[in-house]
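**Student:** the sequence isn't on hand, but the structure is:
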């Protein structure tokens, strides 16, 4: 029987007041006899996610696909305890994280899950060597042991696994190319042997040949890991994932095995994604533009 590593049950996220409009309130003109004045009104609320249900089993590679502002990033923030659902529940390996103390949620997730961001440069400390950044998930929990040799040995092993030259270990992030730094981000993701990987639009800044390299690396590194792969197109999804959830307007409009959804899409948004992939999709298998 498959173990649910992640369950998202009927999760809704609403932002009220100023947060629904980026900090701005509407002004309403009022008049009373010869006097007139304006009053700022509460703009109400903005629903970012509406009744989202997802299950991720051990070994699943789930694509979370949707346009910009569909709610993908908000969902990721809630998985990592950076945001709270307005309603609904999130379970990680059977533990309900929804009402746990924020520090408890972060500690559990940070030990067992890793996030790979779209722009790796934004997630690396420019003052740290690349090797030190790769080792950081280990050293953060290691305390002040002298030298931390064991942690750095593991970081060097991860460096080697992702195909980075040993000569790059003492470089700083600005000295690496985009592809090299993305490999370093993957090394940092695998160094602590996590149970869950979330990759957020991690290919968008790379050209097609580099995308193919990173996808091949993912297939090798994460074959037995649980993966959420966030994307806005289907080219990489078809190569990497076995399940798909299509998010549109804060709702899951399509969910199931990749093969079934691609063969029999029910929602118009999914159908348009498939048409766009046929017309504009990059041929990643051949590394063509």
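**Tutor:** Done, it's in. This one's a predicted model, so the numbers in the text were calculated from it and none came from an experiment.

**Student:** quick one: the strands in the stretch 151-289 of the chain?
**Tutor:** When secondary structure is read from DSSP state E, counting those that start in this stretch, the stretch 151-289 of the chain shows strands at 196-200, 226-231, 243-248, 251-257.

**Student:** residue 11: which of those is closest?
**Tutor:** Each of the strands of the stretch 151-289 of the chain was checked against residue 11 via CB to CB, and the shortest separation belongs to strand 251-257, namely 10.1 Å. C-beta coordinates here come from the backbone N, C-alpha and C atoms, glycine included.

**Student:** partner strands of that closest one, with direction?
**Tutor:** For strand 251-257, the pairing partners within the sheet under DSSP bridges are strand 243-248 (antiparallel).

**Student:** between the strand it pairs with and strand 226-231, how big is the angle?
**Tutor:** Compare the direction of strand 243-248 with that of strand 226-231 by axes from the mean of the first three to the mean of the last three CA atoms, to 10 degrees and you get 40 degrees.

**Student:** what sits up against strand 243-248?
**Tutor:** Contact with strand 243-248 is made by 52, 54, 60-67, 70-72, 75, 237, 252-258, 261-262, 267, 269-270, 273, as judged by CB atoms under 8 Å, 6 or more residues apart in numbering.

**Student:** the strands of the stretch 151-289 of the chain: which one's closest to residue 89?
**Tutor:** Counting by CB to CB, and looking across all of the strands of the stretch 151-289 of the chain, nearest comes strand 251-257 at 15.7 Å.

**Student:** any idea of the pLDDT on the residue lying closest to residue 160 once chain neighbours are set aside?
**Tutor:** Leaving out its chain neighbours, the residue that sits closest to residue 160 by CB to CB, 6 or more residues apart in numbering is residue 166, at 7.4 Å. You'll see residue 166 listed with a pLDDT of 91.

**Student:** what about residue 166, neighbour count?
**Tutor:** Residues lying near residue 166 (other CB atoms under 10 Å) number 10.

**Student:** dump the strands of the stretch 151-289 of the chain to a markdown table, plus mean neighbour count and mean pLDDT.
**Tutor:** Below are those laid out as a markdown table (neighbours: other CB atoms under 10 Å; pLDDT from 0 to 100):
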| stretch | mean neighbour count | mean pLDDT |
| --- | --- | --- |
| strand 196-200 | 22 | 89 |
| strand 226-231 | 24 | 90 |
| strand 243-248 | 24 | 93 |
| strand 251-257 | 17 | 93 |
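
**Student:** can I get these in a markdown table with distance to residue 116?
**Tutor:** Formatted as a markdown table, the entries for the strands of the stretch 151-289 of the chain read as follows, by distance: least, CB to CB, whole Å:
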| stretch | distance to residue 116 |
| --- | --- |
| strand 196-200 | 4 |
| strand 226-231 | 10 |
| strand 243-248 | 18 |
| strand 251-257 | 22 |
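
**Student:** look up how far residue 156 lies from the nearest residue to residue 131 once chain neighbours are set aside.
**Tutor:** The spatial neighbour of residue 131 that comes closest, neighbours along the chain excluded (CB to CB, 6+ apart), is residue 169 at 3.9 Å. To residue 156, residue 169 is 7 Å away according to CB to CB, to the nearest Å.

**Student:** what do the two both touch?
**Tutor:** Common neighbours of residue 169 and residue 156 are listed as residue 131 (criterion: CB under 8 Å, 6+ apart).

**Student:** for residue 135, list the residues it contacts.
**Tutor:** Residue 135 sits next to 148, 151, 152, 154, 155, 191 when contact means CB under 8 Å, 6+ apart.

**Student:** ok, now which ones touch the residue nearest to the spatial centre of the chain?
**Tutor:** Most central residue of the chain, judged by C-alpha distance to the mean C-alpha position with CA atoms, centre = their mean, is residue 200 at 3.4 Å. Going by CB under 8 Å, 6+ apart, residue 200 touches 72, 73, 76, 115, 116, 117, 118, 230.
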